[in-house]
Every structure is written in structure tokens, then in C-alpha cells.
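In: sharing a model that was predicted from the sequence below.
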Amino acid sequence: MGDGKVKHLCVPFGKEEAVKLRAGDYVYLSGILYTARDAAHKRMQEALQENGELPFDLENNVIYYMGPSPAREGRPIGSAGPTTASRMDKYTPALLDLGLRGMIGKGKRSTAVIEATIRNQAVYFAAVGGAGALLSRSVISSETIAYDDLGTEAIRRLEVRDFPVIVVIDSEGNNLYETAVLQYTEKIEKSD
């Protein structure tokens, strides 16, 4: 489990940084994130099968499972909350095997994703669902780079500063969703 300390991390980042993160760590990300949801993941899988080319280099990058609302005047992006990560699970192991270092979403992941996370020394972060307007304040710029016809599901390149996440699954497979339930259950049993 994480030590509860707040950490700051520049993205993209490599295996050396990923293996230092532990489930439960609070992390502020600064640098470049890419957004992609279901439709974009399907297109990426099709592109890999057809010609092996993706619209951006996966190596050491992080994908944020998010489709923003329209930006208000003077802002680079609208509400930017996470979507349910399990919807990308059938595509994720292949992307991790190609060098994807991290993912940001909400909710549990499949066994196949957890195994690929461990195998590739990657990490799964959670962003707070329902806090999209607050999360958007960490976005400095947003540019659509692929699949513009998908609208909010197009792939975007975001520049972020101090984007708040928590490590849910670390490179060793420690899973905050599982350990937090155990800790809560133990606490309740002790108070009875």
C-alpha cells in the first residue's frame, strides 16, 4: 500500500517511475495525457490490425478515459471527468504490451488488464468521478489529434498541470479497491 504521501509526477514517465508508485498513493500529474474512450479504442485496435500504426506513440504515455463537454469561452476544455475504465478492458492489454505506461479512469479492471499492468510495469490511476468541472481546471491546453469525427470520443492531447489522481492498481498488482474493502471490514469488525 502507498505511504499516503502526495507525489508529483511528470508525464510521460517510464518504468523506473511506475515501479515506485503504490496503490493508495495520491499523485499530481503534469505534462501530456491522451484521451480515448470506447470508440477511439476500437479504432486504434482496427488500425493496429490493418497497418500497425496508431495516431500517437504509446511508449510511456498515459491514456485518460474521458470525453469532455464543450469548452466554455476562454477555457481549453469543458467538464473533464473520468469514464468507466472496464469499457476499455478488451483493448487495454494489447496497448499495455505496446508500451502504454498508465491509464486514468474510474472503477474496477479485469484480470487480463491487471496481469498486463504487472507484466508491463504500468499503473492504473483513478480520477474522482463527478468532479469533471474541477478536474478541467488542471487542463492547460487541449488539441484533437485523431478521429475528429468521433466528437467527444476523439483522441485529444491534453497538457495538464497538477492533475489529481490516486493509484488504484500498481505495477505489482496491488489493488486499492480490494485492500480498501479489507481495511474497512477489519475496522468495522474491531468496532463491534
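Out: Cool, got the structure.
In: how about the contacts made by Thr92?
Out: His41, Leu100, Met103, Arg109, Ala112, Val113, Ala116 (CB atoms under 8 Å, 6 or more residues apart in numbering). From N, CA and C alone the C-beta is placed, and that goes for glycine too.
In: and the gap between it and Ile32?
Out: 19 Å (CB to CB, to the nearest Å).
In: now do the strands in this protein.
Out: 6-11, 26-35, 62-64, 102-105, 123-126, 139-146, 155-169 (DSSP state E).
In: using a markdown table, lay out these together with mean neighbour count, distance to Glu178 and mean pLDDT.
Out: As requested, those are exported to a markdown table (neighbours: other CB atoms under 10 Å; distance: least, CB to CB, whole Å; pLDDT from 0 to 100):
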| stretch | mean neighbour count | distance to Glu178 | mean pLDDT |
| --- | --- | --- | --- |
| strand 6-11 | 15 | 21 | 96 |
| strand 26-35 | 20 | 18 | 98 |
| strand 62-64 | 27 | 23 | 98 |
| strand 102-105 | 26 | 17 | 98 |
| strand 123-126 | 25 | 13 | 98 |
| strand 139-146 | 16 | 31 | 96 |
| strand 155-169 | 21 | 9 | 97 |
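In: which among the ones you listed is found nearest to Ala133?
Out: strand 139-146 (11.2 Å; CB to CB).
In: list the helices and strands the closest one packs on?
Out: Other elements packing on strand 139-146 under the criterion 3 or more CB pairs under 8 Å, 6 or more residues apart in numbering; DSSP states H and E are strand 155-169.
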